[in-house]
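mind folding the following:
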Amino acid sequence: MRRLLVSFVVFVLLASGCLQKEEVKEMNLKVTSVFGEDEFIPSKYTCEGLDINPPLKLEGLSEKAVSIAIIVDDPDAPIGTFVHWVAWNIPPVEEIPEGIPKKGIIESPIHIVQGRNDFGRIGYNGPCPPRGHGIHHYHFKVYVLDTELNLKPGASKEDLEKAMKGHIIQYGELVGLYERK
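Predicted coordinates:
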């Protein structure tokens, strides 16, 4: 099932122009966290907890990596896909720690530039689906790039996707679940 999902994501990235055909060969980045694929995200990382980003571990990072970008979104939101985190210019590290401060440019615990999410805020805001709306799927998408991006803090998901076009050398994704009852 995971291989089918990754194939579908590659197809969508190719169709949207965010990914070039020559980049497809390195779509083998493994992304893990404190929750597994299609498992529930601990409430600590949601609006019902501390509302901090979970740690993300990256395995198989390319030696060609210059920077990392992250998009976290929820395609199950009643208003359409809802963006929870947009971040870029992360150095090629094997772990993005939990609790990244919610500011445009961060130097510690790692360097990171963050955009505006669909809550209208800078940084990560976790799952917070409407009560009774059922289980939502949160896609933690990690892009390995061959460059750093010239985007200002507060940029949108669309700005990031446009800036990444032609620079993605690896991709990995982790899907977590959350439901508010």
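
and residue 59, how many neighbours does it have?
11 (other Cβ atoms under 10 Å). (C-beta placed from N, C-alpha, C; glycine too.)

quick one: contacts for the residue nearest to it when sequence neighbours are not counted?
Using Cβ to Cβ, 6 or more residues apart in numbering and skipping the chain neighbours, the partner closest in space to residue 59 is residue 30 (4.0 Å). Taking Cβ atoms under 8 Å, 6 or more residues apart in numbering, we find residue 30 in contact with 58-60, 172.

in a markdown table, list those along with secondary structure, pLDDT and distance to residue 145.
As requested, these are arranged in a markdown table below (DSSP: H, G, I helix; E, B strand; the rest coil; pLDDT from 0 to 100; distance: Cβ to Cβ, whole Å):
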| residue | secondary structure | pLDDT | distance to residue 145 |
| --- | --- | --- | --- |
| 58 | strand | 98 | 13 |
| 59 | strand | 97 | 17 |
| 60 | coil | 96 | 15 |
| 172 | strand | 97 | 13 |
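
ok, of these, which come out buried?
Neighbour counting by 16 or more other Cβ atoms under 10 Å classes 58, 172 among the contacts of residue 30 as buried.

closest to residue 75 out of the contacts of residue 30?
Of all the contacts of residue 30, residue 172 has the smallest distance to residue 75: 17.6 Å, by Cβ to Cβ.

list the contacts for the closest one?
27-31, 58, 60, 141-142.

what number of residues lie near the residue nearest to it when sequence neighbours are not counted?
Excluding the flanking residues, the one nearest residue 172 by Cβ to Cβ, 6+ apart is residue 29, at 3.2 Å. When neighbours are counted by other Cβ under 10 Å, residue 29 registers 20.

about what we covered before: tabulate the contacts of residue 30 in a markdown table, adding columns for distance to residue 159.
Compiled in a markdown table, the contacts of residue 30 are given as follows (distance: Cβ to Cβ, whole Å):
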| residue | distance to residue 159 |
| --- | --- |
| 58 | 23 |
| 59 | 28 |
| 60 | 28 |
| 172 | 22 |
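
show me which of the contacts of residue 30 is closest to residue 73.
residue 172 (15.1 Å).
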